[in-house]
Structures are given as structure tokens and as C-alpha cells.
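1. Below is the sequence, then the predicted model.
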Amino acid sequence: MVKIFGKVENFDLEASKVVDENCVTVCLLLKQCLLVFMDSDNHCRFFFFNNTERLTVSETEPEDGLAVAFKANISINPSFPSCPSYSDLNLTVTLPNGDEIIWKKEGNQWNFKKCVGDWKMFQRSDDLTVCIQTFNVTSPSMKNVEDARKSCNDLGGYKLIGVASYEELIWIKQKHDAAKYVGYAGYWVDGKREEISSGVNNTNFEFSDGLTVLNQSLYDEYAIISGTSQNGKVEDCLNVCKPTGGMMNDVECDGTPTGFGFVCGYQLI
């Protein structure tokens, strides 16, 4: 735990009903506790991983009687293996889903932001970080991509998102396996073969989510592509599944029985 004189912006401690002189120890022992905000009268306000997406902590003066204790990892210079000075503090938080979040120091404030709930964070570029989550569909299967797209939007304005990297593909595949899907049963993802290549055996996919750029080598290596089904129907859309030798499969956009879930995403801003 790292304790400083500070306050959590936009939260009033006077409304807190929790009074405990061991606020810091309680947070340390609570698995889901991220941070505790307290005053000199031992009022505590605990913040937890799953229901906290953004926090701003501002430095205060000792006479204000306010303090914040972060549950965080501290980067230590091996050449000077002692607790760093305040000005040299680098704080990171490891979330239950494995994501590592940096508390960003800007002036006299520390800022924290993460994905909603247990959604998984992936940094696609220096200026683009996305949050992704899979959703399972009970039988019968979701048979077309537009239903999957609508489902993401209905959940909160999210996008049916495409796969941009091997790391993302592996994570989705692990969720697929945990859901005990087998064979070609899998998750709808964004991506449709470009119109000029419709029905062609290639990986010339386009994305409508506004977040995904084609990583063609990824699709060449890990997608089982045919362009058409055995009965000659065009297969221009994509499922993440478990075909022999791959992790994605091209499917009919408007009539496939293999869509048993979908993958939503949004940009973390």
C-alpha cells in the first residue's frame, strides 16, 4: 500500500458510513480493493476493481486531514533497492483479469482508467486502446452477423469488434474453450470480405467497427478460409472457433448455425 495526503475527486467522505481506524489494512486484505480514501476521523471510502473505471486522486496538504492509500505495485531501481521518493514513484495495478494499469501522474494528480467490469484491455497502437468482451448465446444459435452487431449495440452502444492481433485471438479462443464450444461453433467477430473478393478464397477482409485494421498475415495463418460453403453459398463473414488447423473460419453472413456467441468492443478514451 502507498499512502499519500490526497483526496479522490468528486467523492464526499462525509457521506461514508464506514468508520474504521484500520482502513488501509482492510483494503490490503480485501482482494477486490483498489484504493481507500480516508480522513482524520477514520471515515473510509473503499473503491473496488470491478465497479471502478476512472479515478482522479489530487494531492492535498497535511492540515486538510485527508489521505489516499493505493494498492499498487512499485517500480524500484535495482541500483537503489529502497522505497523510492515520492517524486520517483511509478505505480501500477494488476487487475484480476491480468491487465496492468498505470496510475498516470499529471501535475498534482494521479489518474486511473480501465475497462468496464472485467472486460479485457488491448493496446493496438500508441493512441488506440480497446476493451473487449465475449458473450455467449444460449441455443438456438445466433445465425447472422447483423444480430450479433445489434446485440453489441444493445448492451451499451458497443461495437461488434474485429480481431487485430494474435494476443487478442488467443484470448478470445481461451474464452471459446472455457465455454466448451467445439468444432466450428464459435463467436461472431467483425470482418467481411471486401465486395470485389466476395466468395473468393482470400483474406481480404474489411472492418466496420472503426477500430480494427486488417492484419493480413494473422488471418492468412490462423483462419481456415474457403470463400464458399460445400453447397456453394458465399462465406464472407467470420467466427472465432476451433476448426482443424486454425482459430477462425469464414462463414455465411446471414445464415450459419455455428454462431454461439459474439465479441464486443469499444475504444478506451
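-> It's in.
2. what stretches of the stretch 101-250 of the chain score poorly on pLDDT?
-> Residue ranges of the stretch 101-250 of the chain with pLDDT under 70: 139.
3. what ranges do the strands span in it?
-> 104-106, 109-113, 120-125, 128-136, 159-160, 186-189, 192-193, 205-206, 223-224, 237-240, 248-251 (DSSP state E, counting those that start in this stretch).
4. among those strands, which is nearest residue 32?
-> Between residue 32 and those, the tightest spacing by CB to CB is seen for strand 109-113, at 14.9 Å. For glycine as for every other residue, the C-beta is placed from the backbone atoms N, C-alpha and C.
5. Listing partners with orientation, what would you give for the closest one?
-> Using DSSP bridges, strand 109-113 pairs in its sheet with strand 54-59 (antiparallel), strand 104-106 (antiparallel).
6. Of all the residues in the shortest one, which ones are buried?
-> For strand 104-106, the neighbour count (16 or more other CB atoms under 10 Å) marks no residue as buried.
7. Name the residues that touch that strand?
-> Outside of strand 104-106, the residues within contact range by CB atoms under 8 Å, 6 or more residues apart in numbering are 89, 110-112.
8. circling back: buried deepest among the strands of the stretch 101-250 of the chain, which one?
-> Sort the strands of the stretch 101-250 of the chain by mean neighbour count, taking mean count of other CB atoms under 10 Å, and strand 186-189 sits at the top with a mean of 30.
9. Each with direction, which strands does that strand pair with?
-> For strand 186-189, pairing defined by DSSP bridges yields strand 237-240 (antiparallel), strand 259-267 (parallel).
10. what comes into contact with the shortest one?
-> The reference is to strand 237-240. Counting by CB under 8 Å, 6+ apart, 145, 162-163, 169, 172-173, 176, 184, 186-193, 205, 223, 247-253, 256, 258-259, 263 sit against strand 237-240.
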